[in-house]
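# Prediction below, plus the sequence it came from.
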Amino acid sequence: MSSGEIDPRVLLTIRALTVAVDPENPDARVLLSAATIIRQGGVVGCPTETLYGLAADPFNEGAVAKLQDLKKRRSPRAVILLLPHPGAAFEVGVLKGVARRWFDTLTRAFWPGALTLVLPKKPRLNCPALAGGDTVAVRFSSHPVASRLAQTAGRAITSTSANLTGGGAASSCADLDPALAFRLDLILDAGPTQGGMASTILDLTRQRPTVLRDGAVPMDRIHQVLGFAPRSLTAA
């Protein structure tokens, strides 16, 4: 190991270690250490294009249980997956027919970015982060730290807000609830994110694309790209 490189074995013995990273060009050695923690069942706090999130291995049952416990959830809830590349959506989800056309149109316009797409999950996919559901929510992040962390891990990672259930979202490390931050295995501090609304969630499993959560990508932009208005389950 060269001088200055962070030994993942050291990181795994330290709780709530915070490492500053360049938000545009994160150190590959730090990302490797973070990815090692994730692959070994740990949970890492990291920035996304909107807010700070919690990155863990969605295919590791113990890691997902730890994630749910960290957020103090009374019952498991499905978690969004951040993809290492857009094509990874086909590794976890099913895309065919008109849904495939919607997916291609939307991802060309909004990925990488703050649009989460809900797809039918791939048959026999074993992913505890889906909490037993039959759909999978995926996004390809535009934040260099989040996207490169997934790429370094070599698979999708979780993206759930870095807060206790019911608590406020964090747009910087300073905003993290100490009760949560102290229990993380590592925090990647890339400075403040853009904040504001979380990602928009759009369901492609229905007869018409349906907004499940209003977010950073406005509904009128989706309308413009698709050529028709999506349904919304958030409208008053």
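Good, I have the coordinates. Here the structure is a predicted model, which means the values were calculated and not measured.

# isn't Cys127 right up against Asn60?
No - between Cys127 and Asn60 there is no contact under CB atoms under 8 Å: 9.7 Å. C-beta coordinates here come from the backbone N, C-alpha and C atoms, glycine included.

# Spit out the contact partners of Ala56.
Ile38, Gly41, Gly42, Val43, Val44, Ala63, Val64, Lys66, Leu67, Ala129, Ile157, Thr158 (CB atoms under 8 Å, 6 or more residues apart in numbering).

# what's the burial count for the last one?
Counted by other CB atoms under 10 Å, the residues lying close to Thr158 total 24.

# In what element of secondary structure is it found?
Using DSSP states H and E, Thr158 sits within strand 157-161.

# Just checking: what are the partner strands of that strand?
Sheet pairing of strand 157-161 (DSSP bridges) gives strand 52-55 (antiparallel), strand 80-82 (antiparallel).

# Check the offset of the first one from the chain's centre.
Between the centre of strand 52-55 and the centre of its chain there are 7 Å (CA atoms, centre = their mean, to the nearest Å).

# related to what we said a few turns ago, could you identify which of the strands paired with strand 157-161 is most buried?
strand 52-55 (a mean of 28; mean count of other CB atoms under 10 Å).

# pLDDT of the helix or strand just after it, averaged?
Downstream of strand 52-55, the next assigned helix or strand under DSSP H and E is helix 61-70. Average pLDDT, helix 61-70: 96.

# Please identify the buried residues of helix 61-70?
Ala63, Val64, Lys66, Leu67, Gln68, Leu70 (16 or more other CB atoms under 10 Å).

# circling back: same list (the strands paired with strand 157-161) but as a markdown table, adding distance to Gly97.
Putting those into a markdown table (distance: least, CB to CB, whole Å) gives the following:
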| stretch | distance to Gly97 |
| --- | --- |
| strand 52-55 | 32 |
| strand 80-82 | 22 |
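
# By mean pLDDT, which helix or strand of the chain comes out lowest?
helix 8-11 (a mean of 46; mean pLDDT, DSSP states H and E).

# before we move on, the earlier item: quick one, which of the strands paired with strand 157-161 is nearest to Phe228?
strand 80-82 (25.0 Å; CB to CB).

# tell me which of the buried residues of helix 61-70 is nearest to Leu54?
Leu67 (6.0 Å).

# Excluding sequence neighbours, find me the nearest residue to the closest one.
Of all residues not flanking Leu67 in the chain, Ala56 sits nearest, at 4.8 Å (CB to CB, 6 or more residues apart in numbering).

# all helices for this structure, in order.
Secondary structure of the chain by DSSP state H: the helices cover 8-11, 28-39, 61-70, 89-92, 97-110, 144-153, 178-181, 219-226.

# one step back: for Asp189, find the nearest of the strands paired with strand 157-161.
Closest among the strands paired with strand 157-161, once you apply CB to CB, is strand 52-55, at 9.2 Å.

# so where's this structure shaky on pLDDT?
1-16, 235-236 (pLDDT under 70).

# just the helices of the chain: most buried one?
For the helices of the chain, the highest mean count by mean count of other CB under 10 Å goes to helix 144-153, at a mean of 22.

# Dump the C-alpha coordinates for that one into CSV.
These are the backbone C-alpha positions of helix 144-153, laid out as CSV (Å, rounded to 0.1, in the frame of the first residue of the first chain):
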residue,chain,number,x,y,z
PRO,A,144,-19.7,12.5,-9.0
VAL,A,145,-19.2,11.1,-5.4
ALA,A,146,-22.4,9.0,-5.5
SER,A,147,-22.1,7.7,-9.0
ARG,A,148,-18.4,6.9,-8.7
LEU,A,149,-19.0,5.2,-5.4
ALA,A,150,-21.5,2.9,-7.1
GLN,A,151,-19.1,2.3,-9.9
THR,A,152,-16.3,1.5,-7.5
ALA,A,153,-18.6,-0.9,-5.6
